[in-house]
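**Q** need the 3D shape of this:
(one chain, ligands or ions: 1)
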Amino acid sequence: MGDEELTPGDSRSRTFIIRQFSSVPLITIQPRALCYHSGVPRGKFITFEGLDGCGKSTQLNRLADVLRAEGFDVITAREPGTTPIGEQIRGIILNSRTHNLAPRAELALMFAARAQLVREVIEPALNAGKFVLVDRYTDSSETYQGGGRELGTDTVLQVHRAIAVLNPDLTILMDSDVSASVARARRRNQQTTAKGGAEADENRFERESYKFFERVHQAYLKIAAREPERVYMVDARRDPDTVHWEIVNEVRKRILVNSVPQ
Ligand code: TYD
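**A** You can find the predicted model right below:
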(Lines give C-alpha, C1' and ligand atoms only; values in the text may rest on other atoms or scores of the structure.)
Protein backbone atom coordinates (compact mmCIF):
# COMPACT_ATOMS: atom_id res chain seq x y z
CA MET A 1 0.00 0.00 0.00
CA GLY A 2 1.34 3.45 -0.89
CA ASP A 3 1.59 5.59 2.23
CA GLU A 4 1.22 9.03 0.69
CA GLU A 5 0.68 12.26 2.62
CA LEU A 6 -2.45 14.30 1.99
CA THR A 7 -1.88 17.80 0.75
CA PRO A 8 -4.24 20.69 1.45
CA GLY A 9 -6.71 21.36 -1.34
CA ASP A 10 -5.47 18.42 -3.33
CA SER A 11 -8.04 17.80 -6.02
CA ARG A 12 -6.67 14.63 -7.53
CA SER A 13 -8.82 11.55 -7.50
CA ARG A 14 -6.31 9.01 -6.23
CA THR A 15 -6.99 7.32 -2.94
CA PHE A 16 -4.71 8.37 -0.10
CA ILE A 17 -4.01 6.51 3.08
CA ILE A 18 -4.26 8.23 6.43
CA ARG A 19 -1.58 7.10 8.86
CA GLN A 20 -2.72 4.79 11.60
CA PHE A 21 -2.83 6.13 15.17
CA SER A 22 -2.69 3.64 18.03
CA SER A 23 -6.13 2.01 18.13
CA VAL A 24 -7.59 4.11 15.33
CA PRO A 25 -8.54 2.05 12.28
CA LEU A 26 -6.80 2.71 9.00
CA ILE A 27 -9.01 4.80 6.78
CA THR A 28 -8.73 5.59 3.13
CA ILE A 29 -10.12 8.81 1.78
CA GLN A 30 -10.00 10.79 -1.40
CA PRO A 31 -8.97 14.41 -0.81
CA ARG A 32 -11.03 15.77 -3.67
CA ALA A 33 -14.07 14.30 -1.92
CA LEU A 34 -13.83 16.70 1.04
CA CYS A 35 -16.65 18.23 -1.01
CA TYR A 36 -17.12 20.40 -4.06
CA HIS A 37 -18.31 23.93 -4.46
CA SER A 38 -17.92 25.43 -7.91
CA GLY A 39 -15.02 23.08 -8.47
CA VAL A 40 -13.27 24.10 -5.22
CA PRO A 41 -13.20 21.51 -2.43
CA ARG A 42 -15.08 22.97 0.53
CA GLY A 43 -13.55 22.57 3.97
CA LYS A 44 -15.09 21.23 7.17
CA PHE A 45 -16.45 23.19 10.09
CA ILE A 46 -15.99 21.65 13.54
CA THR A 47 -17.03 23.32 16.79
CA PHE A 48 -16.13 22.50 20.40
CA GLU A 49 -18.65 23.06 23.17
CA GLY A 50 -19.00 22.53 26.89
CA LEU A 51 -19.08 24.18 30.29
CA ASP A 52 -16.36 26.61 31.31
CA GLY A 53 -13.19 24.76 32.27
CA CYS A 54 -14.08 21.43 30.59
CA GLY A 55 -10.80 21.38 28.63
CA LYS A 56 -12.20 22.27 25.20
CA SER A 57 -9.39 24.59 24.11
CA THR A 58 -6.74 21.97 24.84
CA GLN A 59 -8.65 19.31 22.92
CA LEU A 60 -9.33 21.66 20.02
CA ASN A 61 -5.62 22.43 19.67
CA ARG A 62 -4.66 18.76 19.91
CA LEU A 63 -7.10 17.85 17.14
CA ALA A 64 -5.75 20.71 15.03
CA ASP A 65 -2.22 19.30 15.48
CA VAL A 66 -3.33 15.84 14.33
CA LEU A 67 -5.09 17.21 11.24
CA ARG A 68 -2.09 19.39 10.36
CA ALA A 69 0.22 16.39 10.74
CA GLU A 70 -1.99 14.67 8.16
CA GLY A 71 -1.34 17.54 5.78
CA PHE A 72 -4.64 19.38 6.11
CA ASP A 73 -4.84 23.14 6.28
CA VAL A 74 -6.43 24.02 9.62
CA ILE A 75 -7.45 27.30 11.18
CA THR A 76 -8.65 27.75 14.73
CA ALA A 77 -10.79 30.45 16.31
CA ARG A 78 -12.57 31.21 19.56
CA GLU A 79 -15.87 32.84 20.38
CA PRO A 80 -16.62 35.50 21.20
CA GLY A 81 -13.59 37.03 19.54
CA THR A 82 -10.80 36.20 17.07
CA THR A 83 -11.46 39.07 14.62
CA PRO A 84 -10.42 42.57 15.76
CA ILE A 85 -14.09 43.59 15.97
CA GLY A 86 -15.00 40.36 17.75
CA GLU A 87 -12.24 40.89 20.34
CA GLN A 88 -13.59 44.37 21.08
CA ILE A 89 -17.06 42.88 21.57
CA ARG A 90 -15.51 40.19 23.80
CA GLY A 91 -14.08 42.94 25.98
CA ILE A 92 -17.56 44.30 26.59
CA ILE A 93 -19.30 40.97 27.10
CA LEU A 94 -16.88 39.19 29.40
CA ASN A 95 -15.52 41.98 31.55
CA SER A 96 -16.92 41.79 35.07
CA ARG A 97 -17.14 45.60 35.08
CA THR A 98 -19.91 45.34 32.50
CA HIS A 99 -22.98 45.78 34.68
CA ASN A 100 -26.64 45.56 33.79
CA LEU A 101 -26.10 44.06 30.34
CA ALA A 102 -29.60 42.95 29.36
CA PRO A 103 -29.79 39.26 28.34
CA ARG A 104 -31.06 40.20 24.88
CA ALA A 105 -28.26 42.73 24.48
CA GLU A 106 -25.79 40.02 25.49
CA LEU A 107 -27.33 37.67 22.91
CA ALA A 108 -27.15 40.33 20.21
CA LEU A 109 -23.48 41.02 20.99
CA MET A 110 -22.64 37.31 20.83
CA PHE A 111 -24.22 37.13 17.38
CA ALA A 112 -22.59 40.38 16.25
CA ALA A 113 -19.18 38.87 17.02
CA ARG A 114 -20.27 35.60 15.36
CA ALA A 115 -21.50 37.29 12.18
CA GLN A 116 -18.14 39.02 11.87
CA LEU A 117 -16.26 35.77 12.43
CA VAL A 118 -18.35 33.91 9.85
CA ARG A 119 -17.85 36.64 7.26
CA GLU A 120 -14.20 37.39 7.91
CA VAL A 121 -12.75 34.01 8.85
CA ILE A 122 -14.98 30.93 8.66
CA GLU A 123 -16.58 31.27 5.22
CA PRO A 124 -13.37 32.26 3.41
CA ALA A 125 -11.51 29.38 5.04
CA LEU A 126 -14.20 26.83 4.15
CA ASN A 127 -14.29 28.12 0.58
CA ALA A 128 -10.53 27.63 0.44
CA GLY A 129 -10.96 23.98 1.50
CA LYS A 130 -9.64 24.35 5.05
CA PHE A 131 -10.66 22.70 8.29
CA VAL A 132 -12.11 25.33 10.63
CA LEU A 133 -12.06 24.49 14.34
CA VAL A 134 -13.95 26.92 16.55
CA ASP A 135 -14.04 27.06 20.35
CA ARG A 136 -17.79 27.73 20.98
CA TYR A 137 -20.47 28.72 18.47
CA THR A 138 -24.29 29.01 18.42
CA ASP A 139 -24.75 26.10 20.86
CA SER A 140 -23.09 28.31 23.48
CA SER A 141 -25.71 30.99 22.85
CA GLU A 142 -28.49 28.41 23.06
CA THR A 143 -27.16 27.06 26.37
CA TYR A 144 -25.88 30.23 28.08
CA GLN A 145 -28.35 32.85 26.82
CA GLY A 146 -31.21 30.47 25.94
CA GLY A 147 -30.77 28.20 29.01
CA GLY A 148 -28.69 30.09 31.58
CA ARG A 149 -30.34 33.48 30.99
CA GLU A 150 -33.66 31.77 30.20
CA LEU A 151 -34.28 33.49 26.85
CA GLY A 152 -35.31 30.12 25.43
CA THR A 153 -34.09 28.00 22.56
CA ASP A 154 -36.50 29.40 19.95
CA THR A 155 -35.32 32.98 20.33
CA VAL A 156 -31.67 31.94 19.95
CA LEU A 157 -32.28 29.69 16.97
CA GLN A 158 -34.29 32.40 15.21
CA VAL A 159 -31.37 34.80 15.61
CA HIS A 160 -29.00 32.08 14.44
CA ARG A 161 -30.99 31.55 11.25
CA ALA A 162 -31.10 35.28 10.54
CA ILE A 163 -27.56 36.27 11.51
CA ALA A 164 -25.09 33.38 11.66
CA VAL A 165 -26.82 31.02 9.17
CA LEU A 166 -23.89 28.62 8.87
CA ASN A 167 -24.14 25.26 10.68
CA PRO A 168 -21.18 23.15 11.82
CA ASP A 169 -20.49 19.79 10.15
CA LEU A 170 -19.60 18.35 13.53
CA THR A 171 -19.79 19.54 17.13
CA ILE A 172 -17.72 17.96 19.87
CA LEU A 173 -19.59 18.43 23.13
CA MET A 174 -17.31 17.89 26.11
CA ASP A 175 -19.54 16.80 28.95
CA SER A 176 -18.33 17.68 32.44
CA ASP A 177 -19.71 18.26 35.93
CA VAL A 178 -21.32 21.55 36.85
CA SER A 179 -19.54 21.48 40.22
CA ALA A 180 -16.14 21.38 38.47
CA SER A 181 -17.00 24.51 36.49
CA VAL A 182 -18.23 26.35 39.53
CA ALA A 183 -15.10 25.39 41.52
CA ARG A 184 -12.87 26.65 38.71
CA ALA A 185 -14.86 29.88 38.51
CA ARG A 186 -14.44 30.40 42.24
CA ARG A 187 -10.66 29.92 41.98
CA ARG A 188 -10.41 32.42 39.12
CA ASN A 189 -12.50 34.96 40.96
CA GLN A 190 -10.32 34.63 44.05
CA GLN A 191 -7.18 35.15 41.94
CA THR A 192 -8.67 38.28 40.39
CA THR A 193 -9.73 39.63 43.77
CA ALA A 194 -6.28 38.92 45.23
CA LYS A 195 -4.77 41.00 42.42
CA GLY A 196 -7.14 43.82 43.33
CA GLY A 197 -9.33 43.19 40.28
CA ALA A 198 -7.65 43.05 36.89
CA GLU A 199 -8.36 45.92 34.52
CA ALA A 200 -9.54 43.62 31.71
CA ASP A 201 -10.64 40.47 33.53
CA GLU A 202 -13.01 38.01 31.81
CA ASN A 203 -14.93 36.77 34.81
CA ARG A 204 -18.46 38.03 34.26
CA PHE A 205 -19.88 34.59 33.37
CA GLU A 206 -17.84 32.87 36.02
CA ARG A 207 -19.65 34.85 38.72
CA GLU A 208 -22.89 33.11 37.84
CA SER A 209 -24.54 30.72 40.25
CA TYR A 210 -24.55 26.94 40.37
CA LYS A 211 -28.16 27.06 39.14
CA PHE A 212 -27.15 29.08 36.09
CA PHE A 213 -24.52 26.48 35.06
CA GLU A 214 -26.96 23.67 35.81
CA ARG A 215 -29.38 25.21 33.28
CA VAL A 216 -26.52 25.56 30.78
CA HIS A 217 -25.61 21.90 31.29
CA GLN A 218 -29.20 20.73 30.82
CA ALA A 219 -29.47 22.77 27.63
CA TYR A 220 -26.32 21.09 26.26
CA LEU A 221 -27.77 17.64 27.00
CA LYS A 222 -30.96 18.60 25.14
CA ILE A 223 -29.02 19.72 22.07
CA ALA A 224 -27.05 16.46 22.05
CA ALA A 225 -30.28 14.43 22.22
CA ARG A 226 -31.93 16.57 19.53
CA GLU A 227 -29.10 16.48 16.98
CA PRO A 228 -27.07 13.27 17.34
CA GLU A 229 -26.06 13.43 13.66
CA ARG A 230 -24.19 16.69 14.28
CA VAL A 231 -23.26 16.55 17.96
CA TYR A 232 -20.87 14.01 19.44
CA MET A 233 -20.80 14.01 23.23
CA VAL A 234 -17.56 12.94 24.86
CA ASP A 235 -17.10 12.34 28.57
CA ALA A 236 -14.54 15.00 29.49
CA ARG A 237 -14.17 13.80 33.08
CA ARG A 238 -11.55 11.27 31.95
CA ASP A 239 -7.83 11.82 31.37
CA PRO A 240 -7.03 14.18 28.47
CA ASP A 241 -5.24 11.53 26.35
CA THR A 242 -8.24 9.20 26.39
CA VAL A 243 -10.54 12.07 25.50
CA HIS A 244 -8.19 13.17 22.71
CA TRP A 245 -8.06 9.78 20.97
CA GLU A 246 -11.80 9.37 21.22
CA ILE A 247 -12.25 12.73 19.49
CA VAL A 248 -9.71 11.87 16.76
CA ASN A 249 -11.45 8.55 16.18
CA GLU A 250 -14.84 10.23 15.87
CA VAL A 251 -13.56 12.87 13.47
CA ARG A 252 -12.17 10.10 11.28
CA LYS A 253 -15.46 8.23 11.33
CA ARG A 254 -17.78 11.16 10.82
CA ILE A 255 -15.82 13.63 8.73
CA LEU A 256 -13.23 11.71 6.79
CA VAL A 257 -15.07 8.51 5.98
CA ASN A 258 -18.26 10.38 5.10
CA SER A 259 -16.28 12.33 2.55
CA VAL A 260 -15.71 9.33 0.31
CA PRO A 261 -17.58 9.89 -2.95
CA GLN A 262 -20.38 7.62 -4.11
P1 TYD B 1 -13.99 32.04 27.76
O2 TYD B 1 -13.02 32.65 28.74
O3 TYD B 1 -13.58 31.95 26.32
O4 TYD B 1 -14.46 30.69 28.37
P5 TYD B 1 -14.24 29.20 27.92
O6 TYD B 1 -12.77 28.98 27.97
O7 TYD B 1 -15.03 28.44 28.92
O8 TYD B 1 -14.84 29.10 26.53
O9 TYD B 1 -15.35 32.83 27.89
C10 TYD B 1 -16.41 32.65 27.06
C11 TYD B 1 -17.64 32.80 27.92
O12 TYD B 1 -18.69 33.32 27.12
C13 TYD B 1 -18.11 31.50 28.48
O14 TYD B 1 -18.46 31.66 29.85
C15 TYD B 1 -19.35 31.19 27.70
C16 TYD B 1 -19.82 32.53 27.26
N17 TYD B 1 -20.55 32.52 25.98
C18 TYD B 1 -21.93 32.75 25.97
O19 TYD B 1 -22.54 32.97 27.02
N20 TYD B 1 -22.61 32.72 24.78
C21 TYD B 1 -21.98 32.53 23.60
O22 TYD B 1 -22.63 32.51 22.52
C23 TYD B 1 -20.56 32.30 23.61
C24 TYD B 1 -19.82 32.06 22.33
C25 TYD B 1 -19.89 32.32 24.83
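**Q** what residues does the stretch 51-200 of the chain put near the ligand?
**A** 52, 57, 78-80, 94, 110, 135-136, 140-141, 144-145 (CB under 6 Å from any ligand atom). Quick note: C-beta positions are derived from backbone N, CA and C, even for glycine.
**Q** of these, buried ones?
**A** Asp52, Arg78, Glu79, Pro80, Leu94, Met110, Asp135, Arg136, Ser140, Ser141, Tyr144, Gln145 (16 or more other CB atoms under 10 Å).
**Q** got phi/psi on Leu133?
**A** Taking degrees, to the nearest 10, you get phi -110, psi 120 for the backbone angles of Leu133.
**Q** OK, contacts around it?
**A** By CB atoms under 8 Å, 6 or more residues apart in numbering, Leu133 lies in contact with Ile46, Thr47, Phe48, Leu60, Leu63, Ala64, Val74, Ile75, Thr76, Ala77.
**Q** 7 Å - rerun?
**A** By CB atoms under 7 Å, 6 or more residues apart in numbering, the contact list for Leu133 reads Ile46, Leu60, Leu63, Ala64, Val74, Thr76.
**Q** distance of it from the ligand?
**A** 13 Å (CB to the nearest ligand atom, to the nearest Å).
**Q** chain neighbours aside, what residue packs nearest to that residue?
**A** Thr76 (4.8 Å; CB to CB, 6 or more residues apart in numbering).
**Q** next secondary structure after the helix or strand where that neighbour lies?
**A** Per DSSP states H and E, Thr76 falls inside strand 74-78. From strand 74-78 onward toward the C-terminus, using DSSP H and E, the following helix or strand is helix 84-94.
**Q** can you mark which positions in the helix or strand that that next one is followed by are buried?
**A** Going down the chain from helix 84-94, the next helix or strand is helix 103-117, by DSSP H and E. With burial defined by 16+ other CB under 10 Å, the residues of helix 103-117 counted as buried are Glu106, Leu107, Leu109, Met110, Phe111, Ala112, Ala113, Arg114, Ala115, Gln116, Leu117.
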